[in-house]
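The following block contains a protein sequence and its predicted model.
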Amino acid sequence: QVQLVESGGGLVQAGGSLRLSCAASGRTFSSYPMGWFRQAPGKEREFVASISGSGGNTGYADSVKGRFTISRDPISSDNAKRTAYLQMNNMKPEDTAIYYCSANYGSYWGQGTQVTVSS
């Protein structure tokens, strides 16, 4: 069983930064690819960034390339506590959304964390 809990959301001014965390429990999590998605009011959920199980490969939506960075804790003996992160810099009002982390290609989802960017 994998449980995902996001944190780090909040209110930030345009040009500012936030760092989201996705804490996971469950031993099988350590090998799962992870992803961040977001959903703005009235819009569908969209892909933001992804990272492979090893952490060696990442991918980004064009809208966040060069501004957001996805990462995850290295593999350790305590695989059940491997946290994933989304560092968001130079934020824009259009980044306002609920941000969700996901594991294993959408098999597991967190509850989401609100991010609001004021202009």
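Arrived safely. Numbers count the residues shown, from 1 in each chain.

going forward, measure contacts and count neighbours with C-alpha atoms only.
Fine.

Please name the bridge partners of the residue nearest the centre of the chain.
By C-alpha atoms, centre = their mean, the mean C-alpha position of the chain lies nearest to Trp36, the distance being 3.5 Å. Taking DSSP bridges, one finds Ala49, Cys101 as the beta-bridge partners of Trp36.

hang on, isn't it packed against Val48?
Yes - shown here, Trp36 and Val48 form a contact pair, counting by C-alpha atoms under 8 Å, at 5.4 Å.

quick one, strands of the chain?
All strands of the chain, identified by DSSP state E, fall at 3-7, 10-13, 18-25, 34-39, 46-51, 58-60, 68-72, 84-88, 97-103, 108-109, 113-118.

so who does Ser7 touch?
Contacts for Ser7 were tallied using C-alpha atoms under 8 Å, 6 or more residues apart in numbering; they are 20-22, 113.

cool, and Ala97?
Shown in contact with Ala97 (C-alpha under 8 Å, 6+ apart): 38-41, 114-116.

can you give me how far stretch 3-22 is from the chain middle?
A distance of 9 Å separates the centroid of the chain from that of stretch 3-22, by C-alpha atoms, centre = their mean, to the nearest Å.
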